[in-house]
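>>> Predicted coordinates and the sequence they were generated for:
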Amino acid sequence: METAKKIRMYRKKSGLTQNQLAEKTGLSIATIQGYEQNKYEPKIETLQKIAVALGVSINDLKPTLPLKAGELIKKELIDELKKLNISVEGISARDRTDAVIKALEKKKSLLAAYDSMNISGQDKAIEQMELLTKIPEYRKEDKPE
């Protein structure tokens, strides 16, 4: 489902008018209408404001793609695994799928925790992540190409 449809759906579910949502977010009614009509996509910061005003997670407003059986082909899985820094050497197709799902679930869990924080908490989380990446025992080793 598109972000535009999700904004509209959650706005209606919350019992808000476009004008009320505009007031709660500090955006203009024309901007809210533009998002709901899919004329343009909100920036992540704006999407966060809308999510807070609607009482939902920012992930609830992000677009979702319908998946059909067999739509995820081997190459796409391999590409996704490489993005996640997971080696695909000697891994069966089923295990690749499981590895992608597991890695994505971890990321989803981390993002959900992040989204549940206020701006100060999110800033602090980013600060802590940056500090952790500087500690050698927490860094992945660079693999030669």
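Sure thing, it's come through. Residues are numbered from 1 along each chain as shown.
>>> State the three-state secondary structure for the residue nearest in space to the middle of the chain.
What sits nearest the mean C-alpha location of the chain, by Cα atoms, centre = their mean, is residue 59, with 4.9 Å. Secondary structure of residue 59, reduced to three states by DSSP: H, G, I helix; E, B strand; the rest coil: helix.
>>> So it is in contact with residue 114, correct?
No. Using Cβ atoms under 8 Å, residue 59 is not in contact with residue 114, being 9.7 Å away. For every residue, glycine as well, the C-beta is placed using N, CA and C.
>>> Report the separation between the residue nearest to the centre of the chain and residue 98.
In this view, residue 59 and residue 98 are 22 Å apart by Cβ to Cβ, to the nearest Å.
>>> Excluding chain neighbours, what is closest to residue 133?
residue 139 (6.4 Å; Cβ to Cβ, 6 or more residues apart in numbering).
>>> What is the neighbour count of that neighbour?
The number of residues packed near residue 139 is 10, by other Cβ atoms under 10 Å.
>>> Confirm for me that it is in contact with residue 131.
No. The pair residue 139 and residue 131 fails to qualify as a contact (Cβ under 8 Å) at a distance of 11.9 Å.
>>> What distance do you get for residue 56 to residue 122?
The gap separating residue 56 from residue 122 is 16 Å, by Cβ to Cβ.
>>> now do residue 6
21 Å.
>>> quick one: which of these two has more around it?
Legend: neighbour count by other Cβ under 10 Å for residue 6 and residue 122, higher for residue 6 (22 against 14).
>>> any idea which helix or strand comes after the host helix or strand of the more buried one?
Assigned by DSSP states H and E, residue 6 belongs to helix 3-13. Counting by DSSP H and E, the next helix or strand C-terminal to helix 3-13 is helix 18-25.
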